[in-house]
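J.: sequence and computational prediction follow.
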Amino acid sequence: MAYKVQRRLMVLKIKYRPTKPRSPHLNGKVERLQRTDEEFYDLVDFKVPNSTPCEDDFLGEGYMKSV
C-alpha cells in the first residue's frame, strides 16, 4: 500500500519524505500534537446520556405547531 501511495505522489510530482515513527527531532510539532490529542481524548468521557433531548427542546417549545 505504501508503495502505491509513493508511486502516486511521484506521478503527481509531489515531494515526499517519510520520517521514522517517534522521531520528534524530525517532526516535533506533529508528534507533540498527536500526544496532546491522545492525552485529551483519554480524559474526555464520550458516553451518550440516557435521556437525549428531543428536537423540540432545541427549537423551542411550540415550534412544530406553528409550522
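T.: Yep, that arrived.
J.: output stretch 32-44 as PDB, nothing but the C-alphas.
T.: Extracted C-alpha coordinates of stretch 32-44, given in PDB (Å, rounded to 0.1, in the frame of the first residue of the first chain):
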ATOM      1  CA  ARG A  32       3.500  16.700  20.100                       C
ATOM      2  CA  LEU A  33       0.100  17.400  18.600                       C
ATOM      3  CA  GLN A  34      -0.700  13.700  18.400                       C
ATOM      4  CA  ARG A  35       0.400  13.200  22.000                       C
ATOM      5  CA  THR A  36      -1.700  16.100  23.200                       C
ATOM      6  CA  ASP A  37      -4.700  14.700  21.300                       C
ATOM      7  CA  GLU A  38      -4.200  11.300  23.000                       C
ATOM      8  CA  GLU A  39      -4.000  12.900  26.400                       C
ATOM      9  CA  PHE A  40      -7.100  14.900  25.800                       C
ATOM     10  CA  TYR A  41      -9.200  12.000  24.500                       C
ATOM     11  CA  ASP A  42      -8.100   9.800  27.300                       C
ATOM     12  CA  LEU A  43      -9.700  12.300  29.700                       C
ATOM     13  CA  VAL A  44     -12.900  13.000  27.900                       C
END
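J.: which parts of it are buried?
T.: Within stretch 32-44, no residue counts as buried by 16 or more other Cβ atoms under 10 Å. From N, CA and C alone the C-beta is placed, and that goes for glycine too.
J.: what average pLDDT does it get?
T.: Looking at stretch 32-44 alone, the average pLDDT works out to 87.
J.: again, but for stretch 6-24
T.: Confidence over stretch 6-24, taken as the mean pLDDT, stands at 84.
J.: pull the residues that contact the helix or strand Glu38 falls within.
T.: Per DSSP states H and E: Glu38 is located in helix 24-43. Contacts with helix 24-43, where a contact means Cβ atoms under 8 Å, 6 or more residues apart in numbering, come from Thr19, Lys20, Arg22, Ser23.
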